[in-house]
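In: how would this look folded up:
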Amino acid sequence: MAQRYGLPQTEAAELTRVALTNHVAPTSRIVARAVHLLRRFSPGLRLLVSYADPDQGHHGGIYQAMNWVYVGSSVPQRELLVAGHWMHKRSASAKWGTAAPQRIRELTGLDVSYGPEAWKHTYLYPLDDAMRKQIAPLAKPYPKRGRGETDNAPQPNAESGGASPTRPLLAPTEAT
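Out: Modelled structure (predicted):
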């Protein structure tokens, strides 16, 4: 992940999951505090990367609220279907030392197969000015709530905007 942005692995970190229950402060404030602590205790860190999963109904609103840089969709990846339950390849590797379906079947006797490829929205948060300048050219317009990357308004509103541009309203003096 870090190599994609010209960094050694020690200069980038992935924010892997934001899951909060029973909190009073806005989620963006809690994540901002975590970012502040990362900056303070990891001085060599230059970039944070996080993903929002459209299959889970996420578009990255929390990252947008915090001014993270949206760089488009991730490289599509496949999850594993292990005994009827979806599992991320990273979780399988942590549990069995491999994400290869054949090897997991040999180790466990469970039915394992690959699921379909899926992409996620990718957001970057630069932790220094040089990194901000480096990733600025990668910035794309923020996605809206919905499913697609080019027209991702919710289905009832798919024709009324979303990420697809709509004509601006003309000021009274510009009306023809």
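In: what about the nearest residue to D111 once chain neighbours are set aside, neighbour count?
Out: Nearest residue to D111, sequence neighbours excluded (CB to CB, 6 or more residues apart in numbering): A83, at 5.8 Å. In short, each C-beta sits where N, CA and C put it, glycine included. Close neighbours of A83, defined as other CB atoms under 10 Å, add up to 11.
In: swap in the one 4 residues further on?
Out: M87 has 17 neighbours, counted by other CB under 10 Å.
In: same question, Y51
Out: Y51 has 20 neighbouring residues, counting by other CB under 10 Å.
In: quickly list what it is bridged to.
Out: Applying DSSP bridges to Y51 gives these bridge partners: T122.
In: contacting residues for it?
Out: The contact partners of Y51, taken as CB atoms under 8 Å, 6 or more residues apart in numbering, are 14, 74, 120-123.
In: check pLDDT for those and point me to the minimum.
Out: Among the contacts of Y51, S74 has the lowest pLDDT, at 85.
In: still on that earlier bit, mind checking which of the contacts of Y51 are buried?
Out: Buried members of the contacts of Y51, scored by 16 or more other CB atoms under 10 Å, are 74, 120-123.
In: now those as TSV including distance to A52?
Out: Formatted as TSV, those follow (distance: CB to CB, whole Å):
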residue	distance to A52
S74	10
K120	6
H121	4
T122	8
Y123	7
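In: check these against L45 and report the nearest one.
Out: The closest of these to L45 turns out to be Y123 (CB to CB; 15.9 Å).
In: in the helix or strand hosting R105, which residues are buried?
Out: In this structure, R105 sits in helix 101-108 according to DSSP states H and E. Residues 101, 104 are the ones in helix 101-108 that count as buried (16+ other CB under 10 Å).
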